[in-house]
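Peer 1: After the sequence you'll find the predicted model.
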Amino acid sequence: MKTMVVALALSLGVLPAARAGIDGQWLPALPTGPSGSVLELKSDGDRLTGWLSEPDGKLQISKGVIHGTTFSFEMAVNIKGQALTLLYTGELSGDELHLTLTVRGTPGEERMTMRRVDPKGPLAMFTEKAAPEEVTAWLKANAIRLATVEATGDFADMAPLKARLEDARIVGMGEATHGTREFQQFKRRMFRFLVEQLGFTVFGIEANWPESLEVNRYVLGADVNPLPSLGFGWWQTEDMMALLHWMRQYNQDPAHTRKLKFYGFDMQVPGLAESNVIDYLGRVDPDGRVDAARVFDVLGPWGENKEYEAASAEVKRLTAASLAALLRRFDERKRDYIDRSSQEAWTVARQNMVIVKQSELKLADQGELGRAARDRSMGDNVKWILDQEPPGAKMMLWAHNGHVATAAPQDSPEHIPMGGRLRELYGDRAVSCGFVFQQGSFRAVDMAGNGVNSFTVGPSPGGSLDATFAALGMPLFAIDLRQLPTGKVADWFVAPHVSRQIGGGYSEATPGVWLHRMRAAQTYDLLIFVDRTTPSKPL
């Protein structure tokens, strides 16, 4: 078992980087040559984060610390059903990392050396064999050519999507970067299509729920500024404002008796939810307000609280138990609370309490456990939102590809993405649409510490998922992966293939970290391909 773990650890690779010192990408120095592995590390004060990945997936670093030139970190792996913890200690020496690996609960150790990657050309290791001719022929025959990403004109080119989405209750629309204009434009177009052609009435986005209620007031006609309530700066763009303006105009038409609604489904920042709970309990339960204020003070109002994250297991247990007790209090005293307020006020206040409780799970562990808790919470919040709407209401979601995905990452089989949670709740009526692109520009946080910048990337490596789609010569298309023909076509889409997947951050020094191995057929129902991209336009 120990040999297997070491082999796995050495065959892994890909992480984010930034500045001098330990930050960057590292490869194992093996006598047999490159292993296809990359270690990506990033320091933040005395905290060390990153990933160790193999082509089929990656492992998240947890409990990483750095002091001068010495460092340590942990990673959890699951091998043949056995959960193991890898413990790494090491020292930085110029362009080399000298590591010692042990496995918790297992005797012995292994030593290894890793060398800094030359940032000028790490993408070659991701080149794959060209897709079989059967795959490209099937793609050419089944791709749904789309005329434009812009939310103008008719929907004649999108007509084939109507039959594929008519039974959907939820359509999750992803994005391969948060800062790509074409992704935002097409999602605007898709929502209009779903509203006008399929009767969708609810729009949901990867933004905090309590804050999003102000945006909902805007689309329903209130004279408020919606943009600050979107939270993430990625949504404060010309295209998002155009979407909100269109929703507002739609709702002002008296012929539209079913009004469009706008909600966030995220839960990372507890501050406003805490404030809302405190205000409500102050009106209906002063003693409960005192209890809430005490535990909220421990949790803090922000999306990160390093003091709480580093607190003892007992402190976290007591905090979580106190939050659970407050939530039970809402249910046990429901009749009394409603009598002192209203059914609607109780419902909204209780959901604010749920948001605080969900936030604690992520604040307690900003690693893999916290990320998994966030995805599950977002899926549960989507269900709660739909449960408040009239029966049969349908909802489009806007989030990163990683959240709308329906399958767990290979490296974290217990981490069910939001899309996977919605599949558990709604079955095939929850449809996931991922986005991929070949080349172009986008906005992202510069991991080198230079704020938000526009970046440009060239074509993806040969044989990758992105390059295979680009070879069709169609600048924009959709492909439905739910009925793949058996044989080479299905096998190819089930197998992992490189696709460039970028969130809110990027580093030109380590472009390989953003190339992930995607098992497309297990992860998405549909894919939207954009050949060339441009940066989103901030307001």
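Peer 2: Looks like it came in fine.
Peer 1: can you tell me the average pLDDT over stretch 302-309?
Peer 2: If you average the pLDDT over stretch 302-309, you get 94.
Peer 1: Tell me the buried residues in it?
Peer 2: Neighbour-count burial for stretch 302-309 flags Gly303, Asn305, Tyr308, Glu309 (criterion: 16 or more other C-beta atoms under 10 Å). Yep, even glycine has a C-beta here, placed from its N, CA and C like the rest.
Peer 1: Quick one: list the elements packing against the helix or strand containing Arg217.
Peer 2: If you go by DSSP states H and E, Arg217 is part of helix 209-219. Judged by 3 or more C-beta pairs under 8 Å, 6 or more residues apart in numbering; DSSP states H and E, helix 209-219 is in contact with helix 238-252, strand 261-266, helix 271-284, helix 343-364.
Peer 1: Of all the residues in the longest one, which ones are buried?
Peer 2: In this case it means helix 343-364. For helix 343-364, using 16+ other C-beta under 10 Å, the buried residues are 346-364.
Peer 1: Distance from the chain centre to that helix, please.
Peer 2: Its chain's C-alpha centre lies 21 Å from the corresponding centre of helix 343-364 when counted by C-alpha atoms, centre = their mean, to the nearest Å.
Peer 1: which parts of the helix or strand that that helix is followed by are buried?
Peer 2: Using DSSP H and E, the next helix or strand after helix 343-364 towards the C-terminus is helix 368-388. Within helix 368-388, the residues scored as buried using 16+ other C-beta under 10 Å are 368-382, 384-386.
Peer 1: neighbours around Pro301, how many?
Peer 2: 15 (other C-beta atoms under 10 Å).
Peer 1: if I look at it, how far off is Pro417?
Peer 2: Computed as C-beta to C-beta, to the nearest Å, the Pro301 to Pro417 distance reads 27 Å.
Peer 1: before we move on, what about Gln351?
Peer 2: Distance from Gln351 to Pro417, by C-beta to C-beta: 22 Å.
Peer 1: With Glu133 instead?
Peer 2: According to C-beta to C-beta, Glu133 stands 33 Å off from Pro417.
Peer 1: ok, these two, which is more surrounded?
Peer 2: Using other C-beta under 10 Å, the more surrounded residue of Glu133 and Pro417 is Pro417, with 30 against 9.
Peer 1: what distance separates the lengthiest strand in the chain from the centre of its chain?
Peer 2: Determined from DSSP state E, the single longest strand within the chain is strand 430-446. Computed by C-alpha atoms, centre = their mean, the chain-centroid distance of strand 430-446 equals 12 Å.
Peer 1: Ok, stretch 515-527 next?
Peer 2: Using C-alpha atoms, centre = their mean, the offset of stretch 515-527 from its chain centre is 14 Å.
Peer 1: What average pLDDT does it get?
Peer 2: In this model, stretch 515-527 carries a mean pLDDT of 93.
Peer 1: Near the residue nearest to Thr70 when sequence neighbours are not counted, how many other residues are there?
Peer 2: Using C-beta to C-beta, 6 or more residues apart in numbering and skipping the chain neighbours, the partner closest in space to Thr70 is Glu91 (5.3 Å). Residues near Glu91, counting by other C-beta under 10 Å, number 13.
Peer 1: Could you say which helix or strand holds Glu91?
Peer 2: Using DSSP H and E, Glu91 falls within strand 82-93.
Peer 1: which residues are contacting that strand?
Peer 2: Contact partners of strand 82-93, identified using C-beta atoms under 8 Å, 6 or more residues apart in numbering, comprise 1, 5, 9, 21-22, 59, 69-78, 97-106.
Peer 1: quick one, the following helix or strand past that strand and strand 82-93 angle?
Peer 2: With elements assigned by DSSP H and E, the helix or strand that comes after strand 82-93 is strand 96-103. Angle of strand 96-103 versus strand 82-93, following axes from the mean of the first three to the mean of the last three C-alpha atoms, to 10 degrees, is 160 degrees.
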